[in-house]
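Visitor: just the structure for this:
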Amino acid sequence: MTKSVVVIYSGGMDSFTVLHRAIADGFDVYALSFDYGQRHKKELDVAAKVCKSNGISHKIVDITAINSLVGGSALTDDIDVPEGHYQEQSMKSTVVPNRNMILLSLAIGYAVSVGAEAVYYGAHSGDHAIYPDCRPEFVEKMNDVSLIANYEAIRVHSPYLYQDKSDILADGLAMGLDYANTWTCYNGREQACGRCGACVERLEAFAAQGVSDPLSYAAT
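Guide: Numbers count the residues shown, from 1 in each chain. Take a look at the predicted model:
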């Protein structure tokens, strides 16, 4: 009998790769996306399309009510999205308070309910400097808690925790993935902006791999 995992799937290039890494690892996948009041729904639309076309079980859960408690981020509030590289101090404005703990808790509960053995999510080394809930110590502690929080022990697994976005892309390309089926930009326009931290890091990853990004950009 094939074992299963829950994958937190935003529709971005990291979680897109994690989704297919879990499948390549031999698991049946339950993809789980969250509408937490982010600036746009383009990622969620892309995620739904990918799952539908591949016959992957997928839920999009509305948790927008949490914004009355955890506001103050450029990703959820009327705050200008900063431009430039993730190492810049301004990128801290994109932190959504306690986001990954909240999303992981919900995903762990879902994993228990569907009989999955683990939750996969896309924390990676490129996010360590800016996002505390993507750092190894956070993932390790969440895993420790998840193993004892229910009668069923659920693992929390970040397959690219010690790798950067270029490494993630390399693994995805090796799996033959088409990154036209992703959306990374913090802005939900017709074209990716090419200027926000998410776009800059994505473009750097493609350049490092010596391949062209299939997405169209307004500015690069």
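
Visitor: what about Ala198, distance to Ala208?
Guide: According to CB to CB, to the nearest Å, Ala198 stands 16 Å off from Ala208. Heads up, the C-betas are built off the backbone N, CA and C, glycines and all.

Visitor: show me what counts as buried in stretch 63-72.
Guide: Of the residues in stretch 63-72, those with enough neighbours to count as buried (16 or more other CB atoms under 10 Å) are Ile66, Asn67.

Visitor: circling back: of Ala198 and Ala208, which one has the most company?
Guide: Ala198 (24 against 14; other CB atoms under 10 Å).

Visitor: per-residue confidence averaged over stretch 126-140?
Guide: For stretch 126-140, mean pLDDT is 83.

Visitor: now the end-to-end length of it.
Guide: Criterion CA to CA, to the nearest Å; first-to-last residue distance in stretch 126-140 is 17 Å.

Visitor: kindly list the longest helix within the protein.
Guide: Across the chain, the helix with the greatest residue count (assigned by DSSP state H) is helix 99-114.

Visitor: pull out the buried residues from it.
Guide: For helix 99-114, a neighbour-count test (16+ other CB under 10 Å) marks Arg99, Asn100, Ile102, Leu103, Leu104, Ser105, Leu106, Ala107, Ile108, Tyr110, Ala111, Val112 as buried.

Visitor: for the chain, what spans make up the strands?
Guide: Read by DSSP state E, the chain holds these strands, from start to end of the chain: 4-8, 28-35, 57-62, 118-120, 155-157.

Visitor: CSV for the ones you listed, including distance to Asp133?
Guide: As requested, those are arranged in CSV below (distance: least, CB to CB, whole Å):
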stretch, distance to Asp133
strand 4-8, 12
strand 28-35, 14
strand 57-62, 18
strand 118-120, 14
strand 155-157, 11
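
Visitor: wait, Lys165 sits on Glu204?
Guide: Yes: because the distance of 7.5 Å satisfies CB atoms under 8 Å, Lys165 is recorded as touching Glu204.

Visitor: among the two, which residue is more densely surrounded?
Guide: Using other CB under 10 Å as the criterion, Lys165 and Glu204 rank with Lys165 on top: 26 against 17.

Visitor: quick one: contacts for the more buried one?
Guide: The contact partners of Lys165, by CB atoms under 8 Å, 6 or more residues apart in numbering, come to Met13, Asp14, His124, Gly126, Glu201, Arg202, Glu204, Ala205.

Visitor: got a list of what the residue nearest to it when sequence neighbours are not counted touches?
Guide: Across the structure, with CB to CB, 6 or more residues apart in numbering as the measure, the residue nearest Lys165 apart from its sequence neighbours is Ala205 (4.2 Å). The neighbourhood of Ala205, defined by CB under 8 Å, 6+ apart, consists of Met13, Asp164, Lys165, Ser166, Ile168, Leu169.
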